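Asker: curious how this folds, go ahead:
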Amino acid sequence: MNNFDRNNKVTGVHWLKSPIKNISIKIRLKPHEGIKTLPKFETYKNDSNSTIQQVENIKIEEYEFQWQEKAFSLHEIQRYSDVHNCISENELTYHDLLEDTDYQPSKIFTYIHHDYHLPMPVNKIKKPTSGSDILNLNSCLEKLNLSEKVFREDTSSMAHLFRSEESIASDEKWTSMHVMYDNSEYNEDSQLLLKQETTLLSLYHNVSLNYLIVSPDVNSLDLNPYQLETGYEYAVDLDFERLDGEELLVLLKKLSTKWEKRHKQLLKFAMPPLGRRHYCVTLEILSATDFDFDNLYVEFHIKVPEELQCSDVLHGRTHISKSNTNYSEKYWNFGHLVELNLDGPLNIDPPPLKLFFEIISTDWWGRQRTEGYSYLALTPRPGRYSRQLSCSRPEELNHCEGEGRRFFVGGCHLIRDLEVLVQPQLQDANFKFTTTGNLFIRWSTIAQSPLPGFKPAPSQVSHSSALLRGAEAVLRQYRRARARLAEATRDFNVQETVFGSDDDD
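Answerer: Numbering: from 1, shown residues only. So this is what the prediction gives:
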């Protein structure tokens, strides 16, 4: 994509496929007077050899720079060599660099990004797409500010729907580099008399979209050289270095590793091992009603049967909830989520999980009272379910003493083993149960099994040993059946042979 400026110089945009540091910048410079001093036809006819030699003796100077490579002019060396002229940190860095290295001045020098020679571009260049209509549509959509309201009462203008180009360009990050020609005047002692310099090439790299603006663009010294007022002409050439085979292979491996890590973060699904079934249970503790005291929270205990394996936390509690006054009855909202990942054998239906809930109230004195217990036998059957659990609270047989202890110190824990809720006949005779409030829960279950014919991953080879042992057992049974069949048909084969001998006689 090229554009012409007022000086008939082409501005080019190059979309980069390799790192910007791999770009090599080449400037070829030659005097323009060599072409003007060509002799006339009569002179050329008389002394053609000398004329051709004169044209061939035109010297072409070549300068090559890497991205952000600093080259100093004569007046820069004189300035930065004196530490009293260096104020900024960048100037002090140049001073140390000149002190450590013997730099030769050059009439072709560079300004890098930290020199801030020229301002950055303010126009945002879009990446080309197929079709001008799509390009115009994308540019209009990106200018729309959808976060604001479309209609306002204070104005009828629609200008607020569009963002300015300055605000768009300010979000981008640019780096620049300039190649300069030193045309300054010096005296016999190389002291600067008049500072003059001309910009040969400007490079602007858009870090966000990874494209390079080249002004002027690449050209040819023989066909279309750029002219300088000082009597020189020059050409620009950019060498986008390519990666060799080994470097490209290393880069692809790094990209593959990075992609795998990113893929694992985005895709958490994993195929269950062979012979195993995976269960995903999502339990929601929704709300509670009809309890005596306020400021309730729920503690839950989950017991997993031996047939299932679970690495998640099986004990926890919800936040403290105050009663909602928008309802005629007391209502507490929790909305607590519990996720369980279970793993079990494929050929059997697992027994249910044991879920125990304890509803506890707190007061301003720091006392905590048990408001009720509830039990649920959750079978990991796929589907979505909801349940209203009725809660009951253990009370002491001496009602007056129990209520007094409950009021002053919050009561005492009469249930030491939650299995009493599963089998009430195991309860101690020192307390009884009283019905209190209700607890509302909801859960969803998903079961995942390996696909038939699924090839296990290397980490799943150990899980396939059970399947191989089963195949070996089937093969042994087949061998036994084949041996019994051979034993049963042996007499028949002998009798058939005897009958055959009679026919021959």
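
Asker: stretch 415-423: end-to-end distance?
Answerer: 13 Å (Cα to Cα, to the nearest Å).

Asker: now do the buried residues in that stretch.
Answerer: 415, 420, 421 (16 or more other Cβ atoms under 10 Å). Bear in mind the C-beta positions are built from the backbone N, C-alpha and C, glycine included.

Asker: what does the second one show for phi and psi?
Answerer: Right, the one you point to is residue 420. With angles defined as degrees, to the nearest 10, residue 420 sits at phi -60, psi -30.

Asker: quick revisit: from the buried residues of stretch 415-423, which is closest to residue 335?
Answerer: residue 421 (24.3 Å; Cβ to Cβ).

Asker: apart from its chain neighbours, what residue comes closest to that closest one?
Answerer: Once flanking residues are discounted, residue 421 sits nearest to residue 375: 4.0 Å by Cβ to Cβ, 6 or more residues apart in numbering.

Asker: hang on, isn't the one you found packed against residue 422?
Answerer: Yes: using Cβ atoms under 8 Å, residue 375 is in contact with residue 422, at 6.1 Å.

Asker: overlap in contacts of these two?
Answerer: Both residue 375 and residue 422 are in contact with residue 354, where contact means Cβ atoms under 8 Å, 6 or more residues apart in numbering.

Asker: re the thing from before, and the residue nearest to residue 421, how many residues sit next to it?
Answerer: 17 (other Cβ atoms under 10 Å).

Asker: CA atoms only: put whichever strand or helix holds it into PDB for me.
Answerer: Per DSSP states H and E: residue 375 is located in strand 368-378. Provided in PDB are the C-alpha atoms of strand 368-378 (Å, rounded to 0.1, in the frame of the first residue of the first chain):
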ATOM      1  CA  GLN A 368     -24.000 -19.600  67.800                       C
ATOM      2  CA  ARG A 369     -27.000 -21.800  68.000                       C
ATOM      3  CA  THR A 370     -27.900 -24.900  66.000                       C
ATOM      4  CA  GLU A 371     -31.200 -24.200  64.200                       C
ATOM      5  CA  GLY A 372     -31.600 -27.600  62.500                       C
ATOM      6  CA  TYR A 373     -30.000 -30.600  60.700                       C
ATOM      7  CA  SER A 374     -31.000 -32.200  57.400                       C
ATOM      8  CA  TYR A 375     -29.800 -35.200  55.500                       C
ATOM      9  CA  LEU A 376     -29.900 -36.000  51.700                       C
ATOM     10  CA  ALA A 377     -28.900 -39.200  49.900                       C
ATOM     11  CA  LEU A 378     -27.700 -37.800  46.500                       C
END
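
Asker: in it, what's buried?
Answerer: 368, 369, 370, 371, 372, 373, 374, 375, 376, 378.

Asker: what helices and strands are in contact with it?
Answerer: On a contact count with 3 or more Cβ pairs under 8 Å, 6 or more residues apart in numbering; DSSP states H and E, strand 368-378 meets strand 353-362, strand 383-396, strand 431-448.

Asker: can I get those strands in JSON lines including mean pLDDT and distance to residue 107?
Answerer: As requested, those are arranged in JSON lines below (pLDDT from 0 to 100; distance: least, Cβ to Cβ, whole Å):
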{"stretch": "strand 353-362", "mean pLDDT": "92", "distance to residue 107": "84"}
{"stretch": "strand 383-396", "mean pLDDT": "89", "distance to residue 107": "80"}
{"stretch": "strand 431-448", "mean pLDDT": "89", "distance to residue 107": "73"}
